[in-house]
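K.L.:
just to be clear, the model below is a prediction. Sequence and coordinates:
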2 protein chains.
Amino acid sequence: MAALRVLGVDPGLTRCGVGVVDIAADRGATLVHVSVIRTDPATPLEQRVLAIAEGVAALLDEHAPHVVALERVFAQNNVRTVMGTAQASGVVLSAAAARGLAVALHTPSEVKAAVTGHGGADKKQVTAMVQRILRLDAPPTPADAADALALAICHGWRRGAVAPAGAEGSDRLTPAQRAWRAAEKSAAAPRVER
Amino acid sequence: MAALRVLGVDPGLTRCGVGVVDIAADRGATLVHVSVIRTDPATPLEQRVLAIAEGVAALLDEHAPHVVALERVFAQNNVRTVMGTAQASGVVLSAAAARGLAVALHTPSEVKAAVTGHGGADKKQVTAMVQRILRLDAPPTPADAADALALAICHGWRRGAVAPAGAEGSDRLTPAQRAWRAAEKSAAAPRVER
């Protein structure tokens, strides 16, 4: 089965993390691209949002992912930045839909649970697990893009979880992957919200 | 002096009000276009946001406004709808910037103060004043687009307020316009926030 290519986006106006990961049928994950789209807070808002839109559009066209995984933003979060984050999310949603792609929203705790086994993991733990999952020699850089990679992995694995049972032999998993799968199963039942 | 053409946008995912108004140097305002872009809540989020983006882009291309006035959304508002509203705002910002247009943000109370003279005016009062200002025979329809027209008028008048003093003869104002100007001056000092 062909790998599922996922673009993960950790939305933000000042820093928008983007990561592209290929997820194989055996849950093996391969890094394709990782970067952060940055905009200057001194730039007019409309130009900042446009820069995010153009940056994401360029990634979609270059890497042609099958699906986009976007962090779900809550209005209860940091009130000072949440509106900008939601505005950035808007142009990511639009850019994906313009290319016929679906966008799945995942909460930060769902992402943490998927890659580390517990929803309360800190940033350092998430980064370390992303490094291991992607078999990288060093933590992914820029550091603030690790969440975007985690989002992509989370979505790819969850999508795998709804594939026909028995399609993946557990003997094809590495010991670490078996541990993560067990951890994921033991985590509180996650929801994929739209 | 040529009229300033303003696109006012009252952002929302289910209903996004859009109104185009020409504001003359004497503050006279003329209706160019008014409508509501609607999306079905049952449609996937990314397709809804794209529909807003495409609808606004079509308006910008058809009516070629000089500037866009967008309602400023606060995270403190209705938590259930505010994220969708901010996502819709994001694609409006992006569509404007892609055409080299600036976007001005105005709060609801600024808009109400500009068109009615007091920031606490209700929807009915705003609609009635928009009808008078635009010299319409009936309240603008669809009714939920009146706020978009009020936004456009608000922005045009504020922009006029910073033009060189003395450029407009007060004898060119209608009695109603003089009354509104007086009311506007008596309102609490408004801020144009970005």
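P.N.:
Yep, it's here. Residues are numbered from 1 along each chain as shown, chains lettered A, B, ... in the order given.

K.L.:
use CA for all of it now, contacts and neighbours both
P.N.:
Fine.

K.L.:
so which residues of chain A form helices?
P.N.:
Assigned helices in chain A, in chain order: A:45-63, A:79-98, A:108-116, A:123-133, A:146-161, A:175-186 (criterion: DSSP state H).

K.L.:
which of those helices sits closest to residue A:32?
P.N.:
helix A:45-63 (8.1 Å; C-alpha to C-alpha).

K.L.:
which strands and helices sit next to the closest one?
P.N.:
Packed against helix A:45-63 by the contact rule (3 or more C-alpha pairs under 8 Å, 6 or more residues apart in numbering or on different chains; DSSP states H and E) you find strand A:15-23, strand A:29-38, helix A:79-98, helix B:79-98.

K.L.:
make CSV out of these and add distance to residue B:43.
P.N.:
What follows is the helices and strands packed on helix A:45-63, written out as CSV (distance: least, C-alpha to C-alpha, whole Å):
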stretch, distance to residue B:43
strand A:15-23, 25
strand A:29-38, 29
helix A:79-98, 12
helix B:79-98, 13
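
K.L.:
and these: which comes nearest residue B:9?
P.N.:
helix B:79-98 (8.1 Å).

K.L.:
using CSV, write out every CA atom in stretch A:13-30.
P.N.:
Output of stretch A:13-30 as CSV, limited to C-alpha atoms (Å, rounded to 0.1, in the frame of the first residue of the first chain):
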residue,chain,number,x,y,z
LEU,A,13,0.8,34.2,12.6
THR,A,14,4.3,34.8,13.9
ARG,A,15,5.4,31.2,13.5
CYS,A,16,3.5,28.7,11.5
GLY,A,17,5.1,25.2,11.8
VAL,A,18,4.7,23.0,8.7
GLY,A,19,5.8,19.4,8.4
VAL,A,20,5.3,16.8,5.7
VAL,A,21,5.5,13.1,6.6
ASP,A,22,5.0,9.9,4.7
ILE,A,23,3.2,7.2,6.8
ALA,A,24,3.6,3.7,5.5
ALA,A,25,1.0,0.9,6.0
ASP,A,26,3.3,-0.5,8.7
ARG,A,27,3.1,2.9,10.5
GLY,A,28,6.7,3.6,9.6
ALA,A,29,7.0,7.4,9.2
THR,A,30,9.5,9.3,7.0
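
K.L.:
how distant is stretch A:21-37 from the center of its chain?
P.N.:
9 Å (C-alpha atoms, centre = their mean, to the nearest Å).
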